[in-house]
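**Q** Build me a model:
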Amino acid sequence: MADRSLAGLDWDAALRGPFHPSPSSWADQTLYFLLVDRFSDGQEDGCLDLDGARVPGTTPALASGDRESVLASEEQAAAWRAAGATWAGGSLAGIRSKLGYLKRLGVTALWISPVLRQRPGTSDYHGYGTQDFLAVDPHFGTEGQLRDLVRDAHGAGLYVILDVVLNHSGDVFGYAADRYEETDEAGNRWFDPRWDGRPYAVAGWRDEDGTPSLPFPQPIGPDRPGAGVWPAELQQAGSFTARGRISGWDHDPEYREGDFFGFKDINHGSGPLEDYVPSAALLNLTRAYQYWIAYADLDGFRVDTVKHMDPGATRFFTSAVHEFAQSIGKDRFFLVGEITGSRGFAVELMQQTGLDAALGLADVQGRLEGFVKGRTAPQEYFGLFRNSVLVGQGSHTWFRDHVVTSYDDHDQVRNGDRKARFAADDDGARLALAALAANATTLGIPCVYYGSEQAFDGAGGHDRYIREAMFGGPFGPFRSTGRHAFDETSGPYAGLAQVLAVRRAEPALRRGRQYLREISGDGVHFGFPQGFGGRIESIVAWSRILSGREVVCALNTDTARTVSAWVTVDAGLHAEGARFVHRYASGGALSGTEVEAEARNGLAIRLTLPPAGFAILVPIQPQ
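**A** As a prediction, this is how the structure comes out:
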């Protein structure tokens, strides 16, 4: 949008439509989260398009001998590490070229990282430091390419959720700080503008080189789109809180008023929840994001850093966005908020603000990984959903479309400075498919983090190590360069595709009640799996029940041994002698085979799973 102002937007063209309708229920969807810069550059050789035709390219596929290749020398390893800290080269056109890969995997909605323009000259490849809220960053492509991606995704049966940032802009101005002096070992002195409840003077808007040389808050001319902040309506002193960076991340109001690291906190308004008065900045940003909904025909937003915003501001935004989306026929435009913290805090904030769902819940992510790896009792994970009273809901099925569940993600706030994908350790590598399958078949809207379906194993002391470039480039996965990892024959990819096919066919796996099942080795003594001083190496089983139909899911946390166990099923739904068939079994040997229910612990079926195996069984209806 060349005008760079809200007043200059072509609303007539944006509202021309037609618009893609919302899904009947987001509980039926499976999300796939990708970082635009790290997913695809469209140059991969041998990938298949939507029709299954092979597409030639310049980047060969990763082979086993390519793994760890950068470790051949410290020079190569250092170059690889440095490459991970800046732009890698992924693009919107690259994502568009991989719609076939995503469609065949079985996901139904893409969640793509922020695409709006970052401050020129920065390494903000992640997209969370917006400088221009009306332009797509040229690293990613153009506004038209965003629209083309969404159009083709819709044609392939995929919805598109865009990650948006409302809490802050990029580092678009500099402070003239006068307190909190710091001194380094060389004797250099400077002021560290950190929050103390008082505003700081502003030195100026940052110019194209990042120097705060332009008078603040004077407007910037349209001939300097790389300076300051855009749209032009945000170029006012009142658009920002200007109170310095957050250092007390759980101190209120500091975490709402302070700057998120170097990014500049936006002043959203003031007042209590019921009588919140939105600022001009909030009104303008809301209007900008409404425009993107219409222009690109988007299906939802993932709202970043909701914890750091006034609940009244979030409520205003969600109400305005939902109303606008409904006005163009998107009746269930999806607003999912990143709410770090406990379930109770997240649910309270959702209820206050009107967000449709929450993600980033540390206890959900950590306990999902823990039970699959046998490191925590499965009751700890399944109990999160069972205790609906704790979160003020009448039934635990409330979680099925109000919580987005995952275990891998792009920043792993819950893990502090140590970042590691699920498959970064030996157990995780063997259980990669089991984790994907468990996430897909338990309560919540499942979300796959890009690369998890290829068992990416990044780990290290920085976010970059869990943000590998799937297309290869200078920061490829598995410590490689110049090799892509779009392998549709890999075990986790192929297995998850089969599991998601069963999920689509079985409403109980998407909407049903959920019960962790007691198991037994001898068929006499039943209980939940437990560890005795070490890993839990056992079958873990659960049922999803909807309208009298029970679907049984089970995984084997033992990565070395085949394990058999009796698994309790609902004696009120089935009679002795009822038969269940394996709709899915990892490895394929048991797929299609049947087991019979016996009168044990009420009623139970005997399952046998290979090391790290996963299975889904459904009842055979009497003829």
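
**Q** Now do the contacts for residue 404.
**A** For residue 404, the contact set (Cβ atoms under 8 Å, 6 or more residues apart in numbering) comprises 31, 336, 357, 358, 359, 444, 445, 446, 447. Just so you know, the C-beta spots here come from the backbone N, C-alpha and C atoms, and that holds for glycine as well.

**Q** which of these sit farthest apart?
**A** With Cβ to Cβ as the measure, no two of the contacts of residue 404 lie farther apart than 358 and 446, at 14.3 Å.

**Q** residue ranges for the strands of the stretch 451-600 of the chain, please.
**A** 459-460, 513-517, 519-520, 539-546, 549-556, 563-568, 579-585, 594-596 (DSSP state E, counting those that start in this stretch).

**Q** Pick the most deeply packed of those.
**A** strand 549-556 (a mean of 25; mean count of other Cβ atoms under 10 Å).

**Q** Direction included, what does it pair up with?
**A** The pairing partners recorded for strand 549-556 under DSSP bridges are strand 539-546 (antiparallel), strand 614-619 (antiparallel).

**Q** As JSON lines, the strands of the stretch 451-600 of the chain with mean pLDDT and distance to residue 319 would be great.
**A** Shown next, in JSON lines, are the strands of the stretch 451-600 of the chain (pLDDT from 0 to 100; distance: least, Cβ to Cβ, whole Å):
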{"stretch": "strand 459-460", "mean pLDDT": "98", "distance to residue 319": "41"}
{"stretch": "strand 513-517", "mean pLDDT": "97", "distance to residue 319": "31"}
{"stretch": "strand 519-520", "mean pLDDT": "98", "distance to residue 319": "47"}
{"stretch": "strand 539-546", "mean pLDDT": "98", "distance to residue 319": "32"}
{"stretch": "strand 549-556", "mean pLDDT": "99", "distance to residue 319": "37"}
{"stretch": "strand 563-568", "mean pLDDT": "99", "distance to residue 319": "45"}
{"stretch": "strand 579-585", "mean pLDDT": "98", "distance to residue 319": "42"}
{"stretch": "strand 594-596", "mean pLDDT": "98", "distance to residue 319": "51"}
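
**Q** Tabulate those strands (TSV), appending distance to residue 418.
**A** Output for those, formatted as TSV (distance: least, Cβ to Cβ, whole Å):
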stretch	distance to residue 418
strand 459-460	8
strand 513-517	29
strand 519-520	33
strand 539-546	26
strand 549-556	26
strand 563-568	31
strand 579-585	34
strand 594-596	42
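
**Q** residues in contact with the residue lying closest to residue 483 once chain neighbours are set aside?
**A** Once flanking residues are discounted, residue 483 sits nearest to residue 62: 4.0 Å by Cβ to Cβ, 6 or more residues apart in numbering. When the contact criterion is Cβ under 8 Å, 6+ apart, the partners of residue 62 are 472, 476, 477, 478, 480, 483, 484, 485, 487.

**Q** Spit out the contact partners of residue 132.
**A** Applying Cβ under 8 Å, 6+ apart, the residues near residue 132 are 4, 116, 117, 225, 229, 230, 231.

**Q** how does it look with 7 Å?
**A** Neighbouring residues of residue 132 by Cβ atoms under 7 Å, 6 or more residues apart in numbering: 4, 116, 117, 225, 230.

**Q** and what of residue 140?
**A** With the criterion set at Cβ under 7 Å, 6+ apart, residue 140 makes contact with 36, 91, 92, 115.

**Q** packing partners for the helix or strand harbouring residue 286?
**A** Using DSSP states H and E, residue 286 sits within helix 280-296. Other helices and strands packing on helix 280-296, by 3 or more Cβ pairs under 7 Å, 6 or more residues apart in numbering; DSSP states H and E, are helix 11-14, strand 130-136, helix 143-155, helix 311-327.

**Q** switch the cut-off to 8 Å
**A** helix 11-14, strand 130-136, helix 143-155, strand 159-164, helix 311-327 (3 or more Cβ pairs under 8 Å, 6 or more residues apart in numbering; DSSP states H and E).

**Q** can you list those in TSV and add mean pLDDT and distance to residue 184?
**A** Listed next are the helices and strands packed on helix 280-296 as TSV, based on pLDDT from 0 to 100; distance: least, Cβ to Cβ, whole Å:
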stretch	mean pLDDT	distance to residue 184
helix 11-14	97	50
strand 130-136	99	29
helix 143-155	99	43
strand 159-164	99	35
helix 311-327	99	37
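
**Q** Output the ones you listed in JSON lines; the columns should cover distance to residue 467.
**A** Shown next, in JSON lines, are the helices and strands packed on helix 280-296 (distance: least, Cβ to Cβ, whole Å):
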{"stretch": "helix 11-14", "distance to residue 467": "32"}
{"stretch": "strand 130-136", "distance to residue 467": "19"}
{"stretch": "helix 143-155", "distance to residue 467": "20"}
{"stretch": "strand 159-164", "distance to residue 467": "14"}
{"stretch": "helix 311-327", "distance to residue 467": "27"}
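
**Q** Which one of these lies nearest to residue 269?
**A** helix 311-327 (6.0 Å).

**Q** What are the buried residues along that closest one?
**A** Neighbour-count burial for helix 311-327, counted by 16 or more other Cβ atoms under 10 Å, picks out 311-318, 320-322, 324-325.

**Q** Just the angle for that helix relative to helix 280-296, thanks.
**A** Helix 311-327 and helix 280-296 are oriented at 30 degrees to each other (axes from the mean of the first three to the mean of the last three Cα atoms, to 10 degrees).
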